[in-house]
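S.K.: sequence unknown, structure follows:
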């Protein structure tokens with residue numbers, strides 16, 4: 001499965017109610033375990049607002 005990249009890091013996004021769960025995976029051409037999750041972020045409305053301020 002081809003994943004989108006954010007900042008050069010492969011990720012998957014999933015909506016969970018009003019929150020968004022981001023899962024980040026190893027970066028590189030051929031990572032040893034490409035499906036292992038490096039870290040996960042669960043963003044709520046307050047977090048989304050903080051990020052949107054950066055783009056103003």
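M.R.: Yes, it's here. Note that this is a predicted model, so its numbers are computed, not measured.
S.K.: show me the contacts for residue 41.
M.R.: Contacts for residue 41 (C-beta atoms under 8 Å, 6 or more residues apart in numbering) come out as 21-22, 24. All C-beta spots, glycine's among them, are computed from the backbone N, C-alpha and C.
S.K.: those in strands, which ones?
M.R.: When strands are assigned by DSSP state E, the members of the contacts of residue 41 inside them are 21-22, 24.
S.K.: related to what we said a few turns ago, among the contacts of residue 41, which one is most surrounded by other residues?
M.R.: Each of the contacts of residue 41 was scored by neighbours using other C-beta atoms under 10 Å; the highest score is residue 24's, at 18 neighbours.
S.K.: in the protein, where is pLDDT below threshold?
M.R.: When residues are selected by pLDDT under 70, those of the chain lie in 1.
S.K.: all helices for it, in order.
M.R.: Per DSSP state H, the chain has helices spanning 45-54. These are given in chain order.
S.K.: quick check, central residue of it?
M.R.: The chain has residue 22 as the residue nearest its centroid, 3.4 Å off, counting by C-alpha atoms, centre = their mean.
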